[in-house]
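**Student:** I'll drop the sequence and a predicted model, then ask my questions.
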Amino acid sequence: MRESIAIIGAPLDLGSGRRGVDMGPSAVRVANVFSRVASLGYDVVDLGNAPVVQAEMVGEGPANAKYLPQIADTCTALANMVKIAMESGRAPIILGGDHSIAAGTVAGVSGYFRAKKEKIGLIWVDAHADMNTPDSSPSGNVHGMPLACCIGIGPRELTHIGGHAPQVDARNVALVGIRSVDQRERNYVRNSGVTAFTMRDVDERGMRTVMEDAIRIASAGTSAFHVSFDMDVVDPREAPGVGTPVKGGLTWREAHLTMETVCDSGLMCSMDVVEVNPVIDEVNRTAVLAVELIMSALGNRIL
């Protein structure tokens, strides 16, 4: 990880069926992400937020991909902010917003490395597979589609941000912690080339073994990898304020070990933390945990 960090907010909730995650970046900032990251010795700048249209200003559009043009506009702007940050020598930490913002984040990181004729890997830590398309999605909520978009499956507005697709080779993608997958989505996961580690894998094999495999997959033939961390991968007892809570998730320690193992690899170049919803949180607990997990990914140690 670089010695300079750029914090970027992406206060988007158009991809989610539940309002409130647009306040996630503010909640994480209130939890002192800037000062806590700086306390680790990094030079930190906050670049503000990517532009987002409010839902009340526009119609939701097609029922199978709600607010798709507006989400694509935000993701395109976010990709540019991420790429510029990396070109200036800073590692971007992106604060969501719903998980649809990751289509922009990954496009920006991929574009930066593509310009150097290099590839990236991707570790996607999530309760959900996020591999629906408009044809398979039961809800039409785009936050259930971004991983598919990153590997070139889905609406062109999101798959081809920056003019290229896929943003990452599916063989270099590890999906960690899933426990809620839609029926038609399962075929996409099984046939995509992505390696999925379910919560059963975590239970049976342990978090460290799973993450060692995930890092091996994401780093095979790549220069670095991006981490996309959805807070709903953590059990709701530890992270109640998330966009789509699902019981049976990672424990507090498993979540930290995930990030600590990523840090130990020395190969993470960027990350996003998404789906913090302060509307349903308890005294900002989930945002505080998000900051703690960012700290673990950036080198915070017990001793």
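**Tutor:** It's in.
**Student:** which strands and helices sit next to the helix or strand bottoming out on mean pLDDT in the chain?
**Tutor:** Every helix and strand of the chain was ranked by mean pLDDT, DSSP states H and E. The lowest is helix 185-191, at a mean of 94. Where contact means 3 or more C-beta pairs under 8 Å, 6 or more residues apart in numbering; DSSP states H and E, helix 185-191 is not packed against any helix or strand. To be clear about C-beta, it is placed using only N, CA and C from the backbone, and glycine gets the same treatment.
**Student:** starting at the chain centroid, how far to that helix?
**Tutor:** Helix 185-191 has its C-alpha centroid displaced from the chain centroid by 20 Å (C-alpha atoms, centre = their mean, to the nearest Å).
**Student:** now whatever helix or strand comes next after it: average pLDDT?
**Tutor:** Scanning forward in sequence from helix 185-191 by DSSP states H and E, the next helix or strand is strand 195-198. When pLDDT is averaged over strand 195-198, the result is 98.
**Student:** what residues sit buried inside strand 195-198?
**Tutor:** Using 16 or more other C-beta atoms under 10 Å as the test for burial, strand 195-198 gives 195-198.
**Student:** give the pairing partners of that strand; include direction for each.
**Tutor:** strand 173-178 (parallel) (DSSP bridges).
**Student:** could you pull out the strands for the chain?
**Tutor:** 4-10, 43-49, 91-96, 120-125, 173-178, 195-198, 224-230, 268-274 (DSSP state E).
**Student:** so can I have JSON lines of those strands showing distance to Val30?
**Tutor:** JSON lines is the format used below for the strands of the chain (distance: least, C-beta to C-beta, whole Å):
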{"stretch": "strand 4-10", "distance to Val30": "12"}
{"stretch": "strand 43-49", "distance to Val30": "13"}
{"stretch": "strand 91-96", "distance to Val30": "11"}
{"stretch": "strand 120-125", "distance to Val30": "23"}
{"stretch": "strand 173-178", "distance to Val30": "26"}
{"stretch": "strand 195-198", "distance to Val30": "32"}
{"stretch": "strand 224-230", "distance to Val30": "19"}
{"stretch": "strand 268-274", "distance to Val30": "14"}
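**Student:** count residues in the vicinity of the closest residue to Ser192 other than its chain neighbours, would you?
**Tutor:** Of all residues not flanking Ser192 in the chain, Ala170 sits nearest, at 5.1 Å (C-beta to C-beta, 6 or more residues apart in numbering). For Ala170, the neighbour count with other C-beta atoms under 10 Å is 18.
**Student:** for the one 3 residues further on, same thing?
**Tutor:** Close neighbours of Val173, defined as other C-beta under 10 Å, add up to 27.
**Student:** hang on, it packs against Ile151?
**Tutor:** Yes: shown here, Val173 and Ile151 form a contact pair, counting by C-beta atoms under 8 Å, at 6.3 Å.
**Student:** who touches both of these two?
**Tutor:** 193-194 (C-beta atoms under 8 Å, 6 or more residues apart in numbering).
**Student:** thinking again about what came up before, quick one, which of the strands of the chain gets closest to His160.
**Tutor:** Of all the strands of the chain, it is strand 120-125 that lies closest to His160, at 16.6 Å by C-beta to C-beta.
**Student:** out of the strands of the chain, which gets nearest to Ile71?
**Tutor:** That would be strand 4-10 among the strands of the chain, by C-beta to C-beta, at 10.5 Å.
**Student:** neighbouring strands of that closest one in the sheet, and parallel or not?
**Tutor:** strand 43-49 (parallel), strand 91-96 (parallel).
**Student:** quick one, phi psi at the closest residue to Ser180 other than its chain neighbours?
**Tutor:** With C-beta to C-beta, 6+ apart as the criterion, Ser180 has its nearest non-adjacent residue at 4.7 Å, and that residue is Val246. Note on Val246: its backbone torsions stand at phi -140, psi 130 [degrees, to the nearest 10].
**Student:** surely Val246 and Gly177 touch.
**Tutor:** No: using C-beta under 8 Å, Val246 is not in contact with Gly177; the gap is 10.0 Å.
**Student:** overlap of the contact sets of the two?
**Tutor:** In contact with both Val246 and Gly177: Ala127, using C-beta under 8 Å, 6+ apart.
**Student:** okay, the two: which has more neighbours?
**Tutor:** Neighbours of Val246 and Gly177, each counted by other C-beta under 10 Å, are more numerous for Gly177; the result is 28 against 17.
**Student:** surely that one meets Val125?
**Tutor:** Yes: with contact defined as C-beta under 8 Å, Gly177 reaches Val125; the gap is 5.5 Å.
**Student:** and Asp213, how far is that from Arg205?
**Tutor:** 8 Å (C-beta to C-beta, to the nearest Å).
**Student:** below-threshold pLDDT in the stretch 201-303 of the chain: ranges please.
**Tutor:** Low-confidence segments of the stretch 201-303 of the chain, defined by pLDDT under 70, are absent.
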